[in-house]
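**Q** Sequence and predicted model, in that order:
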Amino acid sequence: MKLSEIQIENLYKFTRQHYVYHYDVQTELVDHLANDIEQICEEYPKITFEQARDKSFKKFGIFGFMDVIEAKQKQMNKRYWKIIWRFTKEWFTLPKVVTTMLIFLGFFFAFQIPYSEYLFLATLLILITFEMIAVNRIRKEHKQKEKKDEKIFLLEAMLGTTKNGFTGFTFINLFNFINLTRFEFSNLNVYWHLLISSVITFLCIIFYVSNYVLPQKAQELLQETYPEYKLVKNL
């Protein structure tokens, strides 16, 4: 038995009803379900499509598709951070390495000024604000797409939000640590200044890459990851 297009569409709706939101994950599950349903129907000729579908779904266990979703998220998360690292490495090659050194030196000398922690807290607060604005904007765009039944790929969502506010979360932790401990940078020795300046410079680069570089490269990265992306978006 070969499933019809209507039945395939039913499987897409079925996965969506069971909290599978991203089109690429839906497609993988639909392919698996369709093949399994066809085998079940061959084994039990009198069984209905819905009965075969439910029988196939029960094989996923009590948590349904959650294990598959989690596995795909882990897989795509690794790919996402490889992409981040790919563009971050560019900041350590000419000519961008010059900008990187200027950022580093700016932090290094600023930390030696008395009460520089307040300047640092202000900088963190600005970065956190920009991060939260960017994340909320992308989430609103995705919600609008969901309302219009537009297909959203897992990496597409990650490029906007599933850095999980990583840089913002890190900046918030730094802000709280410095604010609560009354940490004074100017009292540290030069080796600590070098280490902290390096870490903060690296975080700033990741912040820029994740919030500005990747959104600009989104279409290119999605077509690179999903050969079917352009075709699906044009439907």
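**A** Sure, I can see it. What you see is a predicted model, and the numbers here were worked out from it, not measured in a lab.

**Q** what about the helices in this structure?
**A** 5-17, 23-43, 49-58, 66-88, 96-110, 116-147, 154-160, 166-181, 190-208, 214-225, 229-233 (DSSP state H).

**Q** Farthest from the middle of this structure: give me that residue.
**A** Ranked by distance from the centre of the chain (CA atoms, centre = their mean), the top residue is Lys46, with 44.4 Å.

**Q** okay, that residue: pLDDT?
**A** Lys46 is assigned 88 on the pLDDT scale.

**Q** so who does it touch?
**A** Under the criterion of CB atoms under 8 Å, 6 or more residues apart in numbering, Lys46 has no neighbours. (C-beta placed from N, C-alpha, C; glycine too.)

**Q** Please report phi then psi for it.
**A** phi -90, psi 0 (degrees, to the nearest 10).

**Q** Might you list the low-confidence residue ranges for the protein?
**A** Within the chain, the stretches with pLDDT under 70 are 1, 142, 146, 160-183, 233-235.

**Q** list the contacts for Phe14?
**A** Leu33, Arg53, Phe57.

**Q** Now with 10 Å, please.
**A** Val20, Gln26, Leu29, Val30, Leu33, Glu50, Arg53, Asp54, Phe57, Phe65 (CB atoms under 10 Å, 6 or more residues apart in numbering).

**Q** Would you point to the one among the helices of the chain that's packed deepest?
**A** helix 154-160 (a mean of 21; mean count of other CB atoms under 10 Å).

**Q** any idea how this structure splits into domains?
**A** Structurally, the chain divides into domains by automatic domain parsing as follows: 5-64, 77-233.

**Q** can I get these in a markdown table with distance to Ala71?
**A** Converted to a markdown table, the domains of the chain look like this (distance: least, CB to CB, whole Å):
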| stretch | distance to Ala71 |
| --- | --- |
| domain 5-64 | 10 |
| domain 77-233 | 11 |
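
**Q** who wins for proximity to Glu70 among the ones you listed?
**A** Closest of those to Glu70 is domain 5-64, at 9.2 Å (criterion: CB to CB).

**Q** Span of the closest one from start to end?
**A** 24 Å (CA to CA, to the nearest Å).

**Q** In TSV: the contacts of Phe14, plus distance to Lys151.
**A** TSV is the format used below for the contacts of Phe14 (distance: CB to CB, whole Å):
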residue	distance to Lys151
Val20	12
Gln26	8
Leu29	14
Val30	13
Leu33	18
Glu50	24
Arg53	21
Asp54	25
Phe57	22
Phe65	17
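
**Q** Tell me the spacing between the nearest residue in space to Leu105 that is not next to it in sequence and Tyr44.
**A** Sequence neighbours aside, Ser197 is the residue nearest to Leu105 in space, at 7.9 Å (criterion: CB to CB, 6 or more residues apart in numbering). Distance, Ser197 to Tyr44, using CB to CB, to the nearest Å: 68 Å.

**Q** just Asp54 next, same as before
**A** Going from Asp54 to Tyr44 by CB to CB gives 13 Å.
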